[in-house]
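*Asks:* model this:
(2 chains)
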Number of protein chains: 2
Amino acid sequence: MHSFKDLTNHFSERFNTTHFPEFPISLYEPCNYFLTLGGKRIRPVLCLMGNELFEDIHEDAYNAAIAIELFHNFSLIHDDIMDAAPLRRSMQTVHTKYNNNTAILSGDVMLIRCYDYINKITPTYLPKVLHLFNKTAREVCEGQQLDMDFEKQVTVVLDEYISMISLKTSVLIAASLEIGAVIGGAGEANCKHIYEFGRNLGIAFQIQDDYLDAFGSPEKFGKDVGGDIKQNKKTFLMLHTLATANKQQKEEINYLIQNNPADKVAKMLAIYKACNVDDWAKTLKEKYLQTAYQHLEDMAVISARKQPLKELAAFLIARDY
Amino acid sequence: MHSFKDLTNHFSERFNTTHFPEFPISLYEPCNYFLTLGGKRIRPVLCLMGNELFEDIHEDAYNAAIAIELFHNFSLIHDDIMDAAPLRRSMQTVHTKYNNNTAILSGDVMLIRCYDYINKITPTYLPKVLHLFNKTAREVCEGQQLDMDFEKQVTVVLDEYISMISLKTSVLIAASLEIGAVIGGAGEANCKHIYEFGRNLGIAFQIQDDYLDAFGSPEKFGKDVGGDIKQNKKTFLMLHTLATANKQQKEEINYLIQNNPADKVAKMLAIYKACNVDDWAKTLKEKYLQTAYQHLEDMAVISARKQPLKELAAFLIARDY
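*Replies:* All right, here's what the predicted structure looks like:
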């Protein structure tokens, strides 16, 4: 069994290479640029961990992991255009460094490249993995669409938001684990549990992410803190604040959203704190985390093999940056 | 054996259905809208024809054909954003009717949907078809990138342009035929010939398309005539005109490109005609058409089975709209 750190190193050795041809440079250089920005490589390593729950890591799991990481990066390149985000991991996004057209097309070609790696998988598992990969890819798009739709809606119910987050973020984490498990020969029940472990962990992780966007340290977080507030994003924090704020606070929130004053972030954060959404978010995160652990517990796999996933979950959720 | 028209009807019966879930409407309605704009469905029917060269049409060929047509439509949705094209088949493009973000994401989800249909193909042929489909998809992106790069370059050599066109347009036509042939159990040599038949036919077709954009009738062509001229596109016609124009004509071309006067299209067309590019384009088209026919001739398949493809090529290239 390997730790998350070991597997991250193993994965990086294979991933930190060129995934694209040289020509046309104008198409592939932006792809390479974006991949060099790094990232925690959580999803591909989850694929390897899902695989190692059942057997020694198979070569196919590495190919699936590369496809998953490329897919994640494709989705970030396109999301950054749609969200008009200037920075990603403290560096310029593709559409900012180049232009929108380049970001559209480089994203497209990165998505297409995923399927070359999927196609390296043993024919026995190829249809099943391709099906799961594709279903997930579609859901991630649906999640991004709902996210954009919600920005225009006056009110969003927390359940709708959770369902959006589940699509936008959690299903890819869940599918990464399950794809690894499928390649490891896991049965239906275990596949379901590992998927649900990932999905619930993903929601907990997103609650954390929303929390950090508001309350994190900008240096450690590597993103513009308060970015969600600036964009009037309906995050976990904002939805709960709107549901619990008093009349005066609601009026101030509406004023801030409509007028975008220079001190909008600071003022919104003050309201968040007055409504105790920081504590509330921590409790909600804990609820999803416990559900995730239960699914891991319920898997018919000896306890020792589950240890790395348990440790990873604890690490991901405890991070204070 | 079936005619192109028969196969178009057979394909349409299967294609004119919903390829997407209902929800979120904001994501899938634009996909459905774009597909209802129609189109000649040339590529999927070529896939069926490539298949029928070797055997009765197999169910897998229909699934591949649907994937190909969805891919073509995905590429149009994204190309229309990049080219800032307001109309497609006389109707609003997706980014015009909705917005850029919707067009990006609906295109993405349409591309992903292709692979669901590819995944229905018998495991025996799946890896080979997926490989060819993916290689082609990548090349189409490369072609689009080169097309955009060329717009910014001062001079483009005809050979570079042909290589761009081959990637942007012809490889998908070629691969459609070859994918059909692969599913029909064709050997390597026949696959190569059918691919080259398609690739050369595709180039001839693009010469025709450039020609029609300049000299076609707007009602029949269904596009803004002179669109390439307005956008300063370096088409076959423009490149040859620049290569053969006299000093005074070159100066006028430069003036028209830089100043975009209201009568730009009419004045540019007058120069095209003075340089005889219309006749030249017809001759060049004929050259590629003959090469295409030669590859069809060289295929180890009885002559009668080739007849529908011969007729189709003649029809495509002779069209005066």
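
*Asks:* now stretch A:262-270: buried residues?
*Replies:* When neighbours are counted by 16 or more other C-beta atoms under 10 Å in any protein chain shown, the buried residues of stretch A:262-270 are found to be A:Lys264, A:Val265, A:Lys267, A:Met268, A:Leu269. Where C-beta positions appear, they are placed from N, C-alpha and C, glycine not excepted.

*Asks:* run through who's touching it.
*Replies:* If you take C-beta atoms under 8 Å, 6 or more residues apart in numbering or on different chains as the criterion, stretch A:262-270 is touched by A:Ala214, A:Phe215, A:Val225, A:Gly226, A:Ile229, A:Lys230, A:Glu252, A:Ile253, A:Leu256, A:Pro261.

*Asks:* next one: that stretch to chain centre, how far?
*Replies:* Average the C-alpha atoms of stretch A:262-270, do the same for its chain, and the two points are 26 Å apart (C-alpha atoms, centre = their mean, to the nearest Å).

*Asks:* just the C-alphas of that stretch, formatted as CSV.
*Replies:* Written as CSV, here are the backbone C-alpha positions of stretch A:262-270 (Å, rounded to 0.1, in the frame of the first residue of the first chain):
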residue,chain,number,x,y,z
ALA,A,262,-14.8,48.9,-2.9
ASP,A,263,-15.2,47.4,0.5
LYS,A,264,-17.7,44.8,-0.6
VAL,A,265,-15.6,41.8,0.5
ALA,A,266,-14.8,43.1,3.9
LYS,A,267,-18.4,44.1,4.6
MET,A,268,-19.8,40.8,3.4
LEU,A,269,-17.4,38.9,5.5
ALA,A,270,-18.5,40.9,8.5
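
*Asks:* let me see the mean pLDDT of that stretch.
*Replies:* Along stretch A:262-270, the predicted confidence averages to a pLDDT of 94.

*Asks:* cool, stretch A:187-200 as well?
*Replies:* This predicted structure assigns stretch A:187-200 an average pLDDT of 97.

*Asks:* name the residues of it that come out as buried.
*Replies:* Under the neighbour-count rule (16+ other C-beta under 10 Å), stretch A:187-200 has A:Asn190, A:Cys191, A:Lys192, A:His193, A:Ile194, A:Tyr195, A:Glu196, A:Phe197, A:Gly198, A:Arg199, A:Asn200 buried.

*Asks:* give me the low-pLDDT residue ranges for chain A?
*Replies:* For chain A, applying pLDDT under 70 flags the ranges A:218-224, A:319-321.

*Asks:* for it, what lies in contact range of chain B?
*Replies:* On the criterion C-beta under 8 Å from any C-beta of the partner chain, chain B has as its neighbours in chain A the residues A:23-24, A:26-27, A:78, A:81-82, A:100-102, A:104-105, A:107-109, A:111-113, A:115-116, A:118-119, A:123, A:126-127, A:130-131, A:134, A:137-138, A:141-142, A:144-146, A:148-149.

*Asks:* apply 6 Å and report the result again.
*Replies:* Within chain A, the positions near chain B by C-beta under 6 Å from any C-beta of the partner chain are A:24, A:26-27, A:78, A:82, A:101, A:104-105, A:108-109, A:112, A:115-116, A:119, A:123, A:127, A:130-131, A:134, A:137-138, A:141-142, A:145-146, A:149.

*Asks:* picking up where we left off before, any chance of the buried residues of stretch A:187-200 in TSV, plus secondary structure?
*Replies:* As requested, the buried residues of stretch A:187-200 are arranged in TSV below (DSSP: H, G, I helix; E, B strand; the rest coil):
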residue	secondary structure
A:Asn190	helix
A:Cys191	helix
A:Lys192	helix
A:His193	helix
A:Ile194	helix
A:Tyr195	helix
A:Glu196	helix
A:Phe197	helix
A:Gly198	helix
A:Arg199	helix
A:Asn200	helix
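
*Asks:* which single one of those residues is nearest to chain B?
*Replies:* Distance to chain B across these (C-beta to the nearest C-beta) is lowest for A:Cys191, with 17.9 Å.

*Asks:* give me the distance between the closest one and A:Gly198.
*Replies:* 11 Å (C-beta to C-beta, to the nearest Å).

*Asks:* just A:Asp213 next, same as before
*Replies:* Taken as C-beta to C-beta, the spacing of A:Asp213 relative to A:Gly198 amounts to 22 Å.

*Asks:* do A:Ile42 as well
*Replies:* Counting by C-beta to C-beta, the gap from A:Ile42 to A:Gly198 is 10 Å.

*Asks:* same check, this time on A:Leu132
*Replies:* 12 Å.

*Asks:* same question for A:Leu284.
*Replies:* Using C-beta to C-beta, we find A:Leu284 at a distance of 18 Å from A:Gly198.

*Asks:* show me where the stretch 101-250 of chain A has helices.
*Replies:* Taking DSSP state H, counting those that start in this stretch as the criterion, the stretch 101-250 of chain A carries its helices at A:126-152, A:158-165, A:171-183, A:188-215, A:218-221, A:227-230, A:236-244, A:247-259.

*Asks:* turn those helices into TSV, columns for distance to B:Thr36.
*Replies:* TSV is the format used below for the helices of the stretch 101-250 of chain A (distance: least, C-beta to C-beta, whole Å):
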stretch	distance to B:Thr36
helix A:126-152	20
helix A:158-165	28
helix A:171-183	29
helix A:188-215	35
helix A:218-221	45
helix A:227-230	37
helix A:236-244	37
helix A:247-259	37
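
*Asks:* out of these, indicate the one that is most buried.
*Replies:* Sort these by mean neighbour count, taking mean count of other C-beta atoms under 10 Å in any protein chain shown, and helix A:171-183 sits at the top with a mean of 29.

*Asks:* which elements pack onto it?
*Replies:* Judged by 3 or more C-beta pairs under 6 Å, 6 or more residues apart in numbering or on different chains; DSSP states H and E, helix A:171-183 is in contact with helix A:42-52, helix A:59-82, helix A:126-152, helix A:188-215.

*Asks:* now do the buried residues in the second one.
*Replies:* By neighbour count with 16+ other C-beta under 10 Å, helix A:59-82 contains the buried residues A:60-82.

*Asks:* helix A:42-52 and that helix, what's the angle between them?
*Replies:* If you take axes from the mean of the first three to the mean of the last three C-alpha atoms, to 10 degrees, helix A:59-82 sits at 160 degrees to helix A:42-52.

*Asks:* quick revisit: ok, so of the buried residues of stretch A:262-270, who is nearest chain B?
*Replies:* Among these, A:Lys264 lies closest to chain B (C-beta to the nearest C-beta), at 23.2 Å.

*Asks:* hang on, the earlier thing: closest to B:Lys273 among the buried residues of stretch A:262-270?
*Replies:* Each of the buried residues of stretch A:262-270 was scored against B:Lys273 by C-beta to C-beta, and A:Lys264 proved nearest at 60.4 Å.

*Asks:* distance check, the closest one against A:Leu87.
*Replies:* Distance of A:Lys264 to A:Leu87, computed by C-beta to C-beta: 18 Å.

*Asks:* need the contact list for the residue nearest to A:Glu196 when sequence neighbours are not counted.
*Replies:* Closest residue in space to A:Glu196, ignoring its immediate chain neighbours: A:His295 at 4.3 Å, by C-beta to C-beta, 6 or more residues apart in numbering or on different chains. Counting by C-beta atoms under 6 Å, 6 or more residues apart in numbering or on different chains, A:His295 makes contact with A:His193, A:Glu196, A:Phe197.

*Asks:* try 10 Å
*Replies:* A:Lys192, A:His193, A:Ile194, A:Tyr195, A:Glu196, A:Phe197, A:Gly198, A:Arg199, A:Asn200, A:Leu201 (C-beta atoms under 10 Å, 6 or more residues apart in numbering or on different chains).

*Asks:* cool, and A:Gly38?
*Replies:* With contact taken as C-beta under 10 Å, 6+ apart, A:Gly38 is in contact with A:Ser12, A:Asn16, A:Arg89, A:Met91, A:Gly222.
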